[in-house]
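Below is the sequence, then the predicted model.
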Amino acid sequence: MIEKEEIERIIRYDLIKVLSTQIFYHFSDFETSVNDILLKQSLRFSDPLTFNDPFDCNENLLKIYNTKEVYEDAISTLGGNLSRNERRKLKHNILKPSVQAGILKSERKKFKIACFSEIYNEVLMWSHYGKKHTGICIGFEFPHQYEDKFILCPVKYLDKFLPLDGKTDVNRTILYWLTTKSKRWEYEKEIRAITKCKSTTINADIRYKSEFVKEVIFGCKVTDSKIVEAISKIRKSHLPFDQITFKKMIIDESTFLLKEEIINTAHNSRLPGK
């Protein structure tokens, strides 16, 4: 079991990690990146159940370890107004894992997530989320907590999901749950933007200020003509064009890795390869 104090320590470490991360990278297909994320300055937050990992935020993995002490604390908090039958029902609900899972499953529907990464040069990230290298990766410089819109938290990668101490605050329990994945996904170095919605719809679109866009990186299979077109649209938009670094990923012919090439946007003529 992960004790309450350990969960608190992990959350403090997560905060320090996010505060030390300068740029948060978001991968998407070309059209969504240009027309929605950049030009409309809008990020899509989704229900984690729609993600490609079936274990992601699966309530069956989450086990809350509630002891008799937790039950007695609940009784103490509620006072002496409960009947014997109500006490028995409360004890049943607190100590039965399936009941806890059901409560958290219902609560989870309120949370939506947008996925970012600490890195932009991982081949598999481009393959899976950058439309097979024909998409775009956008680098943002968000604060840890962006107004009342969302918070940023790093993902933890574990071999197994241990039971959690029932004495832990429910919000910290949910936060830990939403940011824990299998070690198989560790190469993603994921940072999650998490928001809580009143609506339980699958998606939520959240607008951001244009000043937070710092990098626009094109996949290695994006054609020069599409790059010119995208940069032209961005130049004409309300985005802080002069504060954005434009790059293109290219194949390193001596390894199985990608490397970056800075795009010179000083002139309007054929931008890449000038």
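Received it, and whenever you're ready, just let me know what you need. Since the model is a prediction, treat every value here as computed from it, not as a measurement.

Helices of this structure, residue ranges please.
Using DSSP state H, the helices found in the chain span residues 4-19, 30-31, 68-78, 84-95, 97-108, 123-129, 170-178, 224-236.

If you average pLDDT over each of those helices, which is lowest?
Lowest mean pLDDT of the helices of the chain: helix 68-78, a mean of 55.

If you count neighbours, what's buried in stretch 191-203?
Applying a neighbour-count criterion of 16 or more other C-beta atoms under 10 Å, the buried positions in stretch 191-203 are Ile191, Arg192, Ala193, Ile194, Thr195. (Each C-beta comes from the backbone N, C-alpha and C, glycine too.)

Also stretch 111-125?
Across stretch 111-125, burial judged by 16+ other C-beta under 10 Å covers 111-118, 120-123, 125.

re the thing from before, from the buried residues of stretch 191-203, which ones fall inside strands?
Within the buried residues of stretch 191-203, residues falling in strands by DSSP state E are Ile191, Arg192, Ala193, Ile194, Thr195.

what's near enough to touch the first one?
Ile191 makes contact with Val18, Thr21, Phe24, Cys115, Phe116, Ser117, Glu118, Leu152, Cys153, Pro154, Val155, according to C-beta atoms under 8 Å, 6 or more residues apart in numbering.

Equivalent analysis for the last one, please.
Shown here is Thr195, whose contacts under the criterion C-beta under 8 Å, 6+ apart are Phe45, Phe111, Lys112, Ile113, Ala114, Lys149, Phe150, Ala204, Ile206.

Bridge partners for the spatially closest residue to it that is not a sequence neighbour, pull those for me.
In space, and not counting its chain neighbours, Thr195 is closest to Phe150: 4.2 Å by C-beta to C-beta, 6 or more residues apart in numbering. Per DSSP bridges, the residues bridged to Phe150 are Tyr146.
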